[in-house]
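In: sequence plus the predicted model coming up.
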Amino acid sequence: MILKAEGVSKIFGGLVAVNEVSFEVSEGEIFGVIGPNGAGKTTLFNVISGVYYPEKGRVFFKGKDITKLPAYKRARLGIARTHQIVKPLNELTVLENVMVGACFGKAGANLKRAERIALEVLETVGLSDKAEVLAGSLNVPQKKRLELARALASQPEVILLDEVLAGLNPTEVDEMLKVILDIKAKGITILMIEHLMHAIMKVSDRIMVLDYGRKIAEGTPEEVSKDPKVIEAYLGDPDLALKLVKKEGSA
Amino acid sequence: MEAFVSALLNGVLLGLAYGLAAIGLNLIWGVMKVINLSHGAFIALGMFASYFLFHSFGLSPFVSVILVLALGLVVGMVAYFIALHRVISAPELSTLLSTYSLSLIIIGVGTFVFTTNPRAIDVGLGSLHVLGTYIPAAKVLTGVYSLIFTVLLYIFLYKTWTGKAIRAVSMNRVAAEFMGVNTTFILSLSFGIGIALAMVAGALIASVFPFTILSGGVYELKSFVICVLGGLGSPLGALVGGLVLGLLENVLTLKMSVGYVPFIEFLILVVILLVKPSGLLGKE
Amino acid sequence: MKRGYTLFWLVPFLLVISLYPVVTKSVIARETVFIILMYVSLAASLNIIMGYAGYVSFGHIVYYGIGGYVAFYLMHHVGVRLVPAMLVAGLFSALMALAVGEAVLRLRGAIFAIATIGVNEAIKSLVTNLSFLGGATGMFFNFKIYRAYGGAAKAIWYAYYVMVAVTLITVVVSYFIKTSKFGLGLFSIREDEDAAFVLGVNTKRFKSLAYAFSAFFPGMVGAVFFFKAGNIEPEDAFHLVKSIEMIFMVMLGGYGTASGPVLGALIYERLKGMLLVNPLFKNLHLAIAGFVLLLIVLFAPGGLVGYLRSKFRKLRGVLE
């Protein structure tokens, strides 16, 4: 088990955003996290990456209890993430943005090596031609790729992807899925939140479903899409239930 | 005992005026998320406006204050469009510096025109005998006027449509815009009101203490302490903060040297920012 | 952050300016250059916390005042010589910054700025009340102190050389910070502190260190300045207007760049000098400074260097 959560709860002023959630992720797999809006998916990512500390429960990384570890130390251990709402370092160049990941993440590179890593990663995500451009001037899909590049440059063991497909057109989605599978091929474990059902169903090895902060199902994409509790959770939006089963949905 | 009563009365009256001086700063912060570093300069401008209306037209500060209010509103709105409109969504450094430039310009020109010689307005109203102690009538009027202006601001913010729009913008600028509020107008109006109140406070204080073009700085720093005490962004907090500060200044000096008062004030400022940034009244 | 060629012209440039009064033996030139160097060092130091890390220390002059007082006390009462007193002063300022930073660096944006003003004012009023530091009137040197340096005239030249050294060191150190991994971490904090934290930057330690560096040099500058002046008082040492001047110079030259504060300081000193000798503008120099600052903030937030860098890409390697 590379990552494990035990009964994790996160409460915001009386509102239980994540409620007693436990799960395990094994090395090298793609672990999808889905659920309706407000199910607590991003909050769960924030607990794993150290942005918040949970009120209850514990988080383990490679058997080590990291529940109380500050975010920057987790980054150094090898947990990297992207943000749903992109956080580019606007006044730095794209290259410098990615170098930050390489310098301060697990890679712990010096500036020279960081630059090499960054150039490589930019190649992977297809941003090479933008290396010297200020990050603030990129468009949204490019900023998403930058987020991914920055996380990759840290040479993580686990990467948390928070809706990297949102807002991309179908071609871009396909490109991004290819990148994600490449990352997996390198042996990096992936946790991903996604609303785009057909996409996450296609690439995930296992999927966990959250609803109102609770885990309501877990299993292979096949199992999850047939689970009556999952169908019920999505009943508020019947279309979503449909999308769950439909493999060739539109973005 | 008499000294204590006098300190209390003086403290409350001055505290009300301090509160009024700070309330504009708080309104501007609350609505625009701008720390107005030109606040002190505008307080000084209010002092001089009152001084000239008194010496040139013989208007008592307690009459001319209405004119100062109107002048402040106009000047403030113009100042918004000159110095703030362009950078209102930029990082805080920009608005901090642009309001500070305003201050430099006002104080620079003010020093050039008025020099830094001290001036005073002698309204000649004598003193009132209250609870066994004598208080200058101007001070009493200053306190009462400050209270009236504070109450008027309250009625405006809570009972009128425009006031409600101001509060809406302070809660969520984008949402207010979607609801059909003309945010540019509201932002400039808020800055105008904030400046007008600063100038009114200056005009009133000028009837109590002598002043120079640089005097505003002292009240600006006090206003920071007051706003932080009462909670940044909360107009009622400013009133409470002002009272606390006024009492502190007058009661503490019964027991210790005046020199330590600023030290204690700024210590309070820093400590509250660190321990309870929402202020004494604020919720966690 | 790739290292370019900025130092290859910046250091010789500063050396030429510094040597001018030595070669011409002009006391007037020495006084002017002394002030320029002092401004350069102060602006370059402030730039570390303000320009690199994005924390606008509005009351930054407090560290200059603290350094000035520590050194003055050591020289006046203990008989320590200038250079050791100055080093102690710098370290003391840096330690104060670490302690103060532990508290105020938790605040962000404008609130941080206000808190630093509060710190400056609180320390100023505290010093005003401390009788062993001379209270409101401050302390005066006994002229015998200058004998150890060969008399007052030589002591002033000595102070000048020390200031040259301090300034060069400040500029070089601030350049190396900017172009180091540490600097990259600071810039990431400036751009988005939460993102930097998640990317692995130990934001708390980085900010503290940057704050300590940016206090160390002003501490030394204060020591040299008040040694040369022969007296120190709270109103001079903790004058908020000087803080604003520092910010002004950083903004004028280009915040976050290594060469910007140097050029900003130079231009500001010359501008101020020109305005002050002109009878018409003499009393208006503050207003004009305000007007220029407003224009910079509204229309050229990157300052002179920022503007040149965006206009001429080729200059980027020499204008960092």
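Out: Alright, I've got the coordinates.

In: from here on, contacts and neighbour counts on C-alpha atoms
Out: OK.

In: please tell me how far residue C:166 sits from chain A.
Out: 28 Å (Cα to the nearest Cα, to the nearest Å).

In: I figured that residue hits residue C:41, correct?
Out: Yes - taking contacts as Cα atoms under 8 Å, residue C:166 lies within contact range of residue C:41: 7.4 Å.

In: so for the two, which residue has more residues nearby?
Out: Set residue C:166 next to residue C:41 and count neighbours by other Cα atoms under 10 Å in any protein chain shown: residue C:41 wins out with 30 against 20.

In: how about the nearest residue to the more buried one, chain neighbours excluded?
Out: residue C:167 (4.9 Å; Cα to Cα, 6 or more residues apart in numbering or on different chains).

In: for whichever strand or helix holds residue C:241, packing partners?
Out: Secondary structure assigned from DSSP states H and E places residue C:241 in helix C:240-253. Here helix C:240-253 touches helix C:27-47, helix C:61-73, helix C:260-277, helix C:285-299, helix C:303-311, going by 3 or more Cα pairs under 8 Å, 6 or more residues apart in numbering or on different chains; DSSP states H and E.

In: let me see the backbone angles for residue A:161.
Out: phi -110, psi 110 (degrees, to the nearest 10).

In: if you count neighbours, what's buried in the helix or strand where residue B:240 lies?
Out: Assessed by DSSP H and E, residue B:240 sits inside helix B:235-255. Across helix B:235-255, burial judged by 16 or more other Cα atoms under 10 Å in any protein chain shown covers B:235-252.

In: ditto for stretch A:169-182
Out: Per 16+ other Cα under 10 Å, stretch A:169-182 contains these buried residues: A:173, A:176, A:177, A:179, A:180, A:181.

In: tell me the mean pLDDT for it?
Out: What stretch A:169-182 shows for mean pLDDT is 90.

In: by proximity to chain C, which residue of the stretch 1-150 of chain A wins?
Out: Residue nearest to chain C within the stretch 1-150 of chain A (Cα to the nearest Cα): residue A:72, separated by 3.7 Å.

In: pretty sure that residue contacts residue C:194?
Out: No - Residue A:72 is not in contact with residue C:194 according to Cα under 8 Å; the separation is 10.1 Å.

In: those two: which has the busier surroundings?
Out: Taking other Cα under 10 Å, residue A:72 and residue C:194 do not tie; residue A:72 has more neighbours (24 against 15).

In: does the residue in chain C positioned nearest to chain A belong to a helix or a strand, and which?
Out: Using Cα to the nearest Cα, the closest approach of chain C to chain A is made by residue C:200 at 3.7 Å. Following DSSP H and E, there is no helix or strand that holds residue C:200.

In: could you find the closest non-adjacent residue to it?
Out: residue A:72 is the one closest to residue C:200 (Cα to Cα, 6+ apart), at 3.7 Å.

In: what about that neighbour, distance to residue C:206?
Out: Using Cα to Cα, to the nearest Å, one obtains 12 Å as the distance from residue A:72 to residue C:206.

In: anything in contact with each of the two?
Out: Applying Cα atoms under 8 Å, 6 or more residues apart in numbering or on different chains, one finds that no residue jointly contacts residue A:72 and residue C:206.

In: for chain A, what are the nearby residues on the stretch 151-300 of chain C?
Out: Residues of the stretch 151-300 of chain C found near chain A (Cα under 8 Å from any Cα of the partner chain) are C:180-181, C:184-185, C:187-188, C:191-192, C:195, C:197-202.

In: let's go with 7 Å and repeat that
Out: C:181, C:184-185, C:188, C:191-192, C:195, C:197-202 (Cα under 7 Å from any Cα of the partner chain).

In: so how do I select the buried members of these in PyMOL?
Out: Buried members of those, defined by 16+ other Cα under 10 Å, are picked up in PyMOL with:
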select buried, chain C and resi 181+184+185+188+191+192+195+197+198+199+200+201+202
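
In: please narrow the residues of the stretch 151-300 of chain C next to chain A to those residing in helices.
Out: C:181, C:184, C:185, C:188, C:191, C:195, C:197, C:198 (DSSP state H).

In: what segments of chain B are strands?
Out: Secondary structure of chain B (DSSP state E): strands located at B:127-130, B:133-136.

In: give me the helices and strands touching the first one, please.
Out: When contacts are defined as 3 or more Cα pairs under 7 Å, 6 or more residues apart in numbering or on different chains; DSSP states H and E, strand B:127-130 sits against strand B:133-136.

In: quick one: mean pLDDT over the strand it packs on.
Out: 84.

In: same deal with stretch C:183-198?
Out: On average, stretch C:183-198 scores 95.

In: hmm, that stretch in reach of chain B?
Out: No - Stretch C:183-198 does not reach chain B (Cα under 7 Å from any Cα); its nearest approach is 10.4 Å.

In: first-to-last residue distance for that stretch?
Out: By Cα to Cα, one end of stretch C:183-198 lies 17 Å from the other end.

In: interface residues of chain B facing chain C?
Out: B:35, B:86-87, B:92, B:94, B:98, B:101-102, B:104-106, B:108-109, B:112, B:259-260, B:262-263, B:266-267, B:269-270, B:274.
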